[in-house]
Each structure stands twice: as C-alpha cells, then as structure tokens.
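Engineer: Could you look at this predicted model? Sequence included:
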Amino acid sequence: MITVKCAKCKTKIFKYRKFGKGKLWHCWKDRIVADYSVRDGELVRCPVCGNVIGVDQKKWIKLKPGRYIYSGTYEH
C-alpha cells in the first residue's frame with residue numbers, strides 16, 4: 001500500500017494498492033483504497049491547497065509529474 005501526497009502541502013490524496021516496482025505514472029481507479037482528493041471536472045486536486053495532481057481519464061487518473069510524492073511499499 002502506498003500513500004500519494006501533494007508535493008506542495010504534503011496532504012494525503014490517495015491510499016493506493018501498487019503492484020510491481022517502478023514509478024507511479026497513473027492510478028487505476030479500482031486500486032484506490034481511500035480517495036481524499038477534490039474533483040473539478042476532470043481535474044483531480046488537493047483538498048487543501050488546490051494543486052492539480054492529475055487528470056481523470058475514465059479507468060485511471062493520469063498523474064502530473066512533480067505535483068505529487070508517494071511513500072510506502074508495493075505489492076508483489
């Protein structure tokens with residue numbers, strides 16, 4: 001389980017089940033365990049500072065590089 005946070009204010013955005021090694025480029029919606037984000041149309045924003053974290057693209061959320069940080073462990 002990993003935690004995706006806003007790069008500006010460090011607020012939690014998602015708790016996400018990541019499989020395999022490698023960078024996090026997008027979040028599959030069915031793997032998001034907890035969603036703390038705010039939606040503005042297709043934009044996914046931080047609930048505190050309004051930073052745009054990514055764009056909702058139906059099956060996943062395409063994350064914007066440099067707008068988020070994450071920590072935790074991936075699943076095998």
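Structural biologist: Arrived safely, thanks for sending.
Engineer: So for stretch 64-76, mean pLDDT?
Structural biologist: In this model, stretch 64-76 has a mean pLDDT of 91.
Engineer: List the buried residues for that stretch?
Structural biologist: 67-68, 70 (16 or more other C-beta atoms under 10 Å). Just so you know, the C-beta spots here come from the backbone N, C-alpha and C atoms, and that holds for glycine as well.
Engineer: Just put those residues in CSV and tack on distance to K29 and secondary structure.
Structural biologist: Listed next are the buried residues of stretch 64-76 as CSV, based on distance: C-beta to C-beta, whole Å; DSSP: H, G, I helix; E, B strand; the rest coil:
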residue, distance to K29, secondary structure
R67, 18, coil
Y68, 16, strand
Y70, 17, strand
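Engineer: Which parts of this protein are strands?
Structural biologist: Ranges of strands within the chain are 2-6, 12-16, 26-28, 32-35, 38-40, 43-45, 52-57, 60-63, 68-72, based on DSSP state E.
Engineer: in the fourth one, what counts as buried?
Structural biologist: Yep, that's strand 32-35 we're talking about. Quick answer for strand 32-35 (16+ other C-beta under 10 Å): 32, 35.
Engineer: Could you check how far D35 is from K12?
Structural biologist: Per C-beta to C-beta, to the nearest Å, D35 is found 10 Å from K12.
Engineer: Run through who's touching stretch 69-76.
Structural biologist: Identification of contacts with stretch 69-76 by C-beta atoms under 8 Å, 6 or more residues apart in numbering yields 1-7, 10, 16-21, 24.
Engineer: can you check stretch 32-48 too?
Structural biologist: Here stretch 32-48 has contacts from 1, 6, 8-9, 11-17, 50-57, 61, using C-beta under 8 Å, 6+ apart.
Engineer: per-residue confidence for V38?
Structural biologist: 96.
Engineer: Any idea what it is bridged to?
Structural biologist: R45 (DSSP bridges).
Engineer: what's the burial count for it?
Structural biologist: 14 (other C-beta atoms under 10 Å).
Engineer: Name the residues contacting each of D35 and K12.
Structural biologist: What both D35 and K12 touch, as defined by C-beta under 8 Å, 6+ apart, is an empty set.
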